[in-house]
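Chemist: Quick one: sequence and predicted model below, then my questions.
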Amino acid sequence: MKPGTTIALEARLVREVLNHFERDAVALVIALRHAEGPLRSTGAGQGGGSNSDVSDPTGTAALRGDPARQDRERVERLLAEMRGKALELNTLRVRWLEDSSPEGAGEGEAGCASCERVGKWSPIRKTVGFPDGSTHPLCLWCLRQVRKTGALPTRALVERHAQGLRCG
Ligand SMILES: [Zn+2]
């Protein structure tokens, strides 16, 4: 097997799992919430009679924990972790495959003034004059934003772009 094949298969596996998850995420969380017992406060003495779990009057289930709640919390935690990892992967993809150069590549060389605001170095495409008389050297992406809106992209937008998120 070529070394790239395993990576491609792994990426496909992740995509397929996440495709299913995207479709089912809300249903899953609703199902788990539905399966959760009523919120138990810290006191074990007030075992609710409304709970169908009457075979457990001493509340050992509460000590063991509510499996549905534990699984819901696990789903939420895993999703948050995957979100972080997805952003990390995207940052690497953008760093090496898109118009920004690898970190350090622009050392000593002037870069896009707009990207510089968020600590990102991007190669200059064009220096643009603004109505207030200022000029800014800009990368292709920031240049496109200026052409679209007439103003520099906000720092927040540049940050989103640097993380590889879609920003319109
Ligand atoms: Zn830029």
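Modeler: Sure, I can see it. Numbering: from 1, shown residues only.
Chemist: and the chain, which residues reach the ion?
Modeler: By Cβ under 5 Å from the ion, the residues of the chain that approach the ion are 112, 114-115, 122, 139, 142. No exception for glycine: its C-beta is placed from N, CA and C like everyone else's.
Chemist: With respect to pLDDT, which of the residues you listed ranks lowest?
Modeler: Least confident of these in the model: S122, at 91.
Chemist: Count the neighbours of it for me.
Modeler: 25 (other Cβ atoms under 10 Å).
Chemist: ok, longest helix in this protein?
Modeler: Taking DSSP state H as the criterion, the chain has its longest helix at helix 3-35.
Chemist: List the buried residues of that helix.
Modeler: L32 (16 or more other Cβ atoms under 10 Å).
Chemist: Return the residues in contact with the residue sitting nearest the centre point of the chain.
Modeler: Computing the C-alpha centroid of the chain and ranking residues by Cα atoms, centre = their mean puts R83 first, at 3.7 Å. Listed by Cβ atoms under 8 Å, 6 or more residues apart in numbering, R83 has no contact partners.
Chemist: Helix 3-35 and the one helix or strand it maps to, what's the angle between them?
Modeler: Using DSSP states H and E, R83 sits within helix 67-97. Interaxial angle of helix 67-97 relative to helix 3-35 (axes from the mean of the first three to the mean of the last three Cα atoms, to 10 degrees): 150 degrees.
Chemist: tell me what the helix or strand following helix 67-97 is packed against?
Modeler: Per DSSP H and E, helix 67-97 leads on to helix 113-116 as the next helix or strand towards the C-terminus. Judged by 3 or more Cβ pairs under 8 Å, 6 or more residues apart in numbering; DSSP states H and E, helix 113-116 is in contact with strand 135-138, helix 140-149, helix 155-162.
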